[in-house]
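# model the following, please.
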Amino acid sequence: MSDSDLKPDFAVSVAPMMDWTDRHCRLFHRHLSRRVRLYTEMVVADAVIYGPRDRLLSFDALEHPVALQLGGSDPDKLREATGIGAAYGYDEINLNVGCPSDRVQSGRFGACLMAEPSLVADCFKAMRDSAGDAAVTIKCRLGIDDQDVERTLPHFIETVSGAGCRTVIVHARKAWLQGLSPKQNRTVPPIDYALVTRMKEAFPDLGIIVNGQIETVSQGLDVAQDLDGFMMGRAAYNDPWSLTAVDPAYGDPPAATDRAAVARDMVAYLERVQDTDRTAKALIRHMMGLFAGQPGARLWRRTLSEGLTAKLAPSDILASGLGVMTTGQAA
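You can find the predicted model right below:
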């Protein structure tokens, strides 16, 4: 797919990642691309209903377009949680049918739901009922364990589309729920982009978005040339500057051209929020990869790490790193 072929409704997104894609990470990523769609970490429906909603769900208006990913398998709870999320103004509510962790399995949600497509369909319908103007989508795997994915994935997609689902994001590898850790599940089962493409051929009216092992925007455009978008995960987190290639793919100027300028914007952001938000220091960890592949990247990471150890104010830690990168001396 060439840049000139990229349709406005083609979706490029950063995957929901536990402990990573919090609101500070998302705001940082938004400074790197105006176009990319951002996702929250997965939030369990019970936590949305009974937990500290503002801490879990609040976000900066600059983050739009932004999606809330929910975990759960109880249609009534997902209906309520979706309504709460929609009221916060999320553009999309996404159901997690892909996480392979033991904790998620014990709660009967995540990838284990690939074995229960009818239940997923019921969950989707309940979510759609309370989503208002927000889109409701599903993120899944090719399948789980010993499933014959050539048979079970089409059945899964047919079932959820029959319930009204119009967009499915497919992590293009199986999840092995027995014998592999969540980390191994990101690399050991073989990737199969071709099967995802065949799903688009089988369901041409659905939005089919591919996820899994996409390292660059260029690769994503190639993998998704016959699809409706692609989702980047750890590659976008570890080398966030790669996101600056998203906007030019749509024919727009890049959102950022100077890494130091982005860092200065983030220092200003921290100065605004750090006195009232105890989680603001997480931004330092999210920005470790800002200078990945550049001269001084190791010194940048070391300066930030030492600042965290010294328990400095977050803005001071980031300013110190910026000083090292721009002058060779700590700020």
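# in the host helix or strand of M266, what counts as buried?
For M266, the element it lies in under DSSP states H and E is helix 259-273. Neighbour-count burial for helix 259-273, counted by 16 or more other C-beta atoms under 10 Å, picks out R259, V262, A263, M266, V267, Y269, L270, E271, V273. Glycine gets a C-beta too; all of them are placed from N, C-alpha and C.
# what does the helix or strand following it rub up against?
Proceeding N to C from helix 259-273, the next assigned helix or strand is helix 282-286, under DSSP H and E. Residues outside helix 282-286 that contact it (C-beta atoms under 8 Å, 6 or more residues apart in numbering) are 20, 22, 24-25, 28, 237, 240, 266, 269-270, 304, 307-308, 314, 317-318.
# what's the mean pLDDT across helix 282-286?
For helix 282-286, the mean pLDDT works out to 98.
# with stretch 323-331 instead?
Averaged over stretch 323-331, pLDDT sits at 72.
# for stretch 162-179, same thing?
Mean pLDDT, computed over stretch 162-179, is 93.
# pull the distance from the helix or strand hosting T40 to the chain's centre.
Per DSSP H and E, T40 falls inside strand 37-44. The chain centre lies 6 Å from the centre of strand 37-44; the measure is C-alpha atoms, centre = their mean, to the nearest Å.
# direction included, what does that strand pair against?
Here strand 37-44 is paired, per DSSP bridges, with strand 11-14 (parallel), strand 66-71 (parallel).
# go through those and name the closest to I209.
The closest of these to I209 is strand 11-14. By C-beta to C-beta, the value is 5.6 Å.
# can you pull the buried residues of the closest one?
Neighbour-count burial for strand 11-14, counted by 16+ other C-beta under 10 Å, picks out A11, V12, S13, V14.
# which one of the buried residues of helix 259-273 sits closest to I169?
Closest to I169 out of these is V262 (27.4 Å), distances taken as C-beta to C-beta.
# poorly predicted segments of the stretch 101-250 of the chain, please.
Applying pLDDT under 70 to the stretch 101-250 of the chain flags residues 102-107, 179-183, 185-188.
# what about the strands in it?
Taking DSSP state E, counting those that start in this stretch to define them, one finds strands in the stretch 101-250 of the chain at 135-141, 167-171, 207-211, 229-232.
# what pairs with the first one, and is each one parallel or antiparallel?
Each strand paired with strand 135-141, and its direction, by DSSP bridges: strand 92-97 (parallel), strand 167-171 (parallel).
# let's have those in CSV, adding distance to I138 and mean neighbour count.
Output for these, formatted as CSV (distance: least, C-beta to C-beta, whole Å; neighbours: other C-beta atoms under 10 Å):
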stretch, distance to I138, mean neighbour count
strand 92-97, 5, 25
strand 167-171, 5, 25
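# now do the contacts for the nearest residue to S13 once chain neighbours are set aside.
The shortest distance from S13 to any residue other than its chain neighbours is 3.9 Å, reached at R37 (C-beta to C-beta, 6 or more residues apart in numbering). Listed by C-beta under 8 Å, 6+ apart, the contact set of R37 reads A11, V12, S13, V14, P65, V66, A67, D91, E92.
# quick check, nearest of those residues to R198?
Distance to R198 across these (C-beta to C-beta) is lowest for A11, with 19.4 Å.
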